[in-house]
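Student: model this:
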Amino acid sequence: MSSASGAAAAMPRQVLQEKELRVLFLLIVLLFVVFLAAPLALVLVRSLTTGAGALTLANYLEVFSRPDFVQSIANSFAVSAASAFVAVLLAFLLSYTVNCTNVPAPLKRAIGLFAQLPMLVPTITYGFAIIYTFGRQGLLTRLLGFQLFDIYGFGGLMLGYVIYTLPTAFLLVDNSFRFIDKRFMFVSRLMGDRPLATLLTTVVRPLAGALSVAFVQSFFLAFTDYGIPTSVGGQYNVVALELFNQMLGALPDFNEGAVIAVVMLIPSIASIILMAALERFAIRYNKITPVELSASRVRDGVAGGLSVAVLVSLLSVFAVILIVPFVEMWPYRMTFTLDHVASVITDPDLAGVLANSLVVAVPTALVGCALAYAAALVTARSNLSVASKRIVDSVSGVISTVPGMVLGIAFLFAFSGTPIQGTFAILIICNVVHYFATPYQMMKDSLTKMNASWETTAKLMGDSWIKTIVRVVTPNAWPTILQVFEMMAIVKPEAARAGYKPDFSITPDSTGGHGRPFPYMVFRNLEALGVSCVRKAAKVGDTVSDIKEGTAAGVISIGVVEGSSEMGLTQDEYEGLAPAERDAVCERVAATFRAAGADAVIRNLSELPTLLAEIA
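Tutor: Next up is the predicted model:
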């Protein structure tokens, strides 16, 4: 009788959950149809029409008849591919140092911070920094007495593109590194594998998908950038600069510009197919067990030393930017002066420019982060059809390869003469769409690799899908969300209104990266809540790592059986078992928890209040 009532009550909640997800999915699709598909379709139409609107192929014939255009395409592919390869290689090194070595925690945080710093600088600044550092009158050239390499052309472009794309590649690779089960590294070494074989099979192989996505995104960031070529491109023409000159030159030709935009979109099709093919090589773990890495001074010294050398080398390019503003006329009159700084600070237009930038940047970050998280929930934490999830993934794939200038041109064609033309709104929308792919991929990777049974457990307890997302999924996604944008102050009030209002919360990021089974997060909670005796606190969890965290901290450690990671069954699978089979499975999990040191084991959370009352 009780079971039947529970099933009947669960049905409306399940229907509601599916309705909420379908509505969320439809809103996301509608957004991208209006602000991505339709504008890009207009670019294609414009490339096939004359100024009077008649269909023609003359625009394509005119553009491709120019030998310099064909050469610029080849140049773009060459320098973008080389830059992306180097950027991903360096990103892997930095991520490996942060996640797979025992270098000091402050150094790990410094690597993570400095690897992302170039994102704060406009790409055209990269070109100037390269000129001021490596040019004939550059700082390094003057110090050495000779020029290291010719900065105008392939070399200068590649250096600029590597610096530009490294932060994105690092974020993608580092985020996936966090979800590698490092136990397999120990297993590989115990089986006698050589260090290189262990690295390839237990680290590189599971990261194949992330590395591929990082390469594709780095490639297209370089392929579509025109800021760096305007400074150090020299005679090495690239297709992005061709589009820039075509659309923003003295005599812009929108129809031929649309042709170049379409040509720049063609590689995106190949990249989407490539990423879909590589997706099947991605490895997913049912659970991630935190382990303490083995000691290796050689590994830590080499990885840490190389990482520091890479970041110092790349960031030193920008050191000259801190010097030039205080020089009267670089590099001819090197007298110290504050005139340039004073001129900028006293510029009456500067405050307005900064205010405008914030008005665009802050809403872009808020809306963009929320959109990426919502889309990732649809694809990673829902039971919607595979086709629905592929649509969202395809949108992300298209966006990751659509040049920003092409998207801007598409918006120009689509929204000229509309109420949003010339407003902050169109800038915010364009930026949200343009920067969707990377945060979405990070969110999806994070949510996909979390325990798949959380929603099932919550459903058994009577919680709605929204409460589960707010109470369980979102807190566990904090590290990734914080990498996308510092949203704590925004999400916590929303979570409180939904019923989730912890007195204190903590993540491994605040304990030097030491999460479970280390006891430090428990200690931080005890300190914040003013608990003077560890035996007056309880740690409740559904994994062996939770149990070990509790025992390491000295608090009462309680294991929850049903829906746990150790059980590894979905709700349907669990409910499909015969009563005797359920009891056997639950006893097996309970025995595992007791062996790990659990003080108590409960069947489900409904038993927790009674247990706490008994041990209080």
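Student: find the centremost residue of the chain, please.
Tutor: In the chain, the centroid-proximal residue (C-alpha atoms, centre = their mean) is M442; its distance is 3.3 Å.
Student: which SSE is that residue in?
Tutor: Using DSSP states H and E, M442 sits in helix 437-448.
Student: now do A78
Tutor: Going by DSSP H and E, A78 is in helix 67-100.
Student: list the buried residues of that helix.
Tutor: For helix 67-100, a neighbour-count test (16 or more other C-beta atoms under 10 Å) marks 69, 72-73, 75-76, 79-80, 82-84, 86-88, 90-100 as buried. From N, CA and C alone the C-beta is placed, and that goes for glycine too.
Student: now the very next helix or strand once past it: buried residues?
Tutor: Going down the chain from helix 67-100, the next helix or strand is helix 105-114, by DSSP H and E. Judged by neighbour count using 16+ other C-beta under 10 Å, the buried positions of helix 105-114 are 107-108, 110-112, 114.
Student: mind checking how far helix 105-114 is from the chain centre?
Tutor: Distance, stretch centre to chain centre, for helix 105-114: 17 Å (C-alpha atoms, centre = their mean, to the nearest Å).
Student: with stretch 153-166 instead?
Tutor: 21 Å.
Student: ok, and what's touching it?
Tutor: Residues outside stretch 153-166 that contact it (C-beta atoms under 8 Å, 6 or more residues apart in numbering): 75, 78-80, 82-84, 86-87, 90-91, 115, 118, 123, 126-127, 130, 134, 149-151, 217-218, 221-222, 225, 228-229, 231-236, 238, 314, 317.
Student: CA atoms of it as CSV?
Tutor: Output of stretch 153-166 as CSV, limited to C-alpha atoms (Å, rounded to 0.1, in the frame of the first residue of the first chain):
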residue,chain,number,x,y,z
GLY,A,153,54.8,36.9,-40.4
PHE,A,154,54.4,33.3,-39.3
GLY,A,155,56.7,33.5,-36.2
GLY,A,156,55.0,36.6,-34.7
LEU,A,157,51.5,35.3,-35.5
MET,A,158,52.2,31.9,-33.9
LEU,A,159,53.6,33.5,-30.7
GLY,A,160,50.6,35.8,-30.4
TYR,A,161,48.1,33.0,-31.1
VAL,A,162,49.7,30.7,-28.6
ILE,A,163,49.4,33.3,-25.8
TYR,A,164,45.9,34.1,-26.9
THR,A,165,44.6,30.6,-27.1
LEU,A,166,46.4,29.1,-24.1
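Student: now the element after the helix or strand bottoming out on mean pLDDT in the chain, going C-ward?
Tutor: Each helix and strand of the chain was given a mean pLDDT (mean pLDDT, DSSP states H and E); the minimum falls on helix 488-497 at a mean of 36. Where DSSP H and E defines the elements, the next helix or strand beyond helix 488-497 is helix 520-529.
Student: partner strands of the helix or strand that that next one is followed by and their direction?
Tutor: Sequence-wise, the next helix or strand downstream of helix 520-529 (DSSP H and E) is strand 538-541. Paired with strand 538-541 in the same sheet, following DSSP bridges, are strand 556-560 (parallel).
Student: show me what the mean pLDDT comes to for the strand it pairs with.
Tutor: Regarding strand 556-560, the rounded mean pLDDT is 92.
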